[in-house]
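**Student:** below are the sequence and a predicted model; questions follow.
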Amino acid sequence: MNRHSLKIFVPVALFALTLFSCGHHDDHGGVLRKIEAGSKDYKGVSVSSEKHLGDTKMIQITEGDQTFLIPERKSQIRSYACTECHTKPIAELHKIGKAKGKNGEAKNAHWDISLKHADANTMNCATCHDGQDMNQLKSLTGKKIDFNKSYRACAQCHTKQFQDWKGGAHGKRIGGWAPPRASKTCVNCHNPHKPHFESRWPARFNTQKVKERK
């Protein structure tokens, strides 16, 4: 291509490119206008999670930029408030329980709980329970944690799972994706003293195999 041809080609190419760009923006704007027009009378989704909540008492929490519902915890704990029984220091209660034995008058309560969470060098009862205020949990730095927000105790070590749970990628959601968002917490699925799920065969597989072997 000689210099004369180049002088003609460049302006023509720029003009064609300008026309193409304008047309592209017009199409993009057209799509946006169609979406806006279609959304004008949008009333939101017709499904709701509320009918799946049943009699479960829910509370609203806000963690970071996420606000959603979780089951209220304290009314579901059989022995709450803890101070109804924990009227003395734990060591003293433990002595009384041991002295009276299994057939004594002392209630065993939850002394039979075996902690299977991390290892003994990392965790014991006092890692999460506040010996000075048994109605509260506590953080690793000694700050009080309400039983209704026990997930904050879990979040100290399980940071990745906590971030996923806040965003809705971990844990069970009540009513699926229907609004308002209602999510179960850590303790609704995991036993905090033994959080690992035991491996097991699917119930249907087992029953079917039993029938086939007969």
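**Tutor:** Nice, I can see it.
**Student:** name the element Lys51 belongs to?
**Tutor:** Using DSSP states H and E, Lys51 falls within helix 50-53.
**Student:** give me the buried positions along that helix.
**Tutor:** Using 16 or more other CB atoms under 10 Å as the test for burial, helix 50-53 gives Leu53. Using the backbone N, CA and C atoms, a C-beta is placed for each residue, glycine as well.
**Student:** other residues contacting it?
**Tutor:** Helix 50-53 has contacts (CB atoms under 8 Å, 6 or more residues apart in numbering) with Leu69, Ile174, Gly175, Ala178, Pro180, Ala182.
**Student:** same thing but at 6 Å, please
**Tutor:** For helix 50-53, the external contacting residues (CB atoms under 6 Å, 6 or more residues apart in numbering) are Ile174, Gly175.
**Student:** report the contact partners of the residue nearest the centre of the chain.
**Tutor:** Nearest to the mean C-alpha position of the chain, counting by CA atoms, centre = their mean, stands Trp165 at 3.4 Å. Going by CB under 6 Å, 6+ apart, Trp165 touches Gly171.
**Student:** after the helix or strand hosting it, next one along is what?
**Tutor:** Following DSSP H and E, one finds Trp165 within helix 159-167. Scanning forward in sequence from helix 159-167 by DSSP H and E, the next helix or strand is helix 186-189.
**Student:** list the buried residues for that following helix?
**Tutor:** For helix 186-189, a neighbour-count test (16+ other CB under 10 Å) marks Cys186, Val187, Asn188 as buried.
**Student:** return that helix as PDB; C-alpha atoms alone will do.
**Tutor:** Provided in PDB are the C-alpha atoms of helix 186-189 (Å, rounded to 0.1, in the frame of the first residue of the first chain):
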ATOM      1  CA  CYS A 186     -23.200 -24.300  63.600                       C
ATOM      2  CA  VAL A 187     -24.800 -26.000  66.700                       C
ATOM      3  CA  ASN A 188     -28.000 -26.700  64.700                       C
ATOM      4  CA  CYS A 189     -26.100 -29.300  62.600                       C
END
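**Student:** distance of Lys57 from Arg78?
**Tutor:** As judged by CB to CB, to the nearest Å, Lys57 and Arg78 stand 15 Å apart.
**Student:** between the two, which one's more packed in?
**Tutor:** Taking neighbours as other CB atoms under 10 Å, Lys57 and Arg78 compare with Lys57 leading, 11 against 5.
**Student:** hmm, the more buried one is touching Glu72, no?
**Tutor:** Yes - with contact defined as CB atoms under 6 Å, Lys57 reaches Glu72; the gap is 4.3 Å.
**Student:** the helices in the chain, which residues?
**Tutor:** Counting by DSSP state H, one finds helices in the chain at the ranges 3-39, 50-53, 90-100, 125-128, 151-155, 159-167, 186-189, 203-213.
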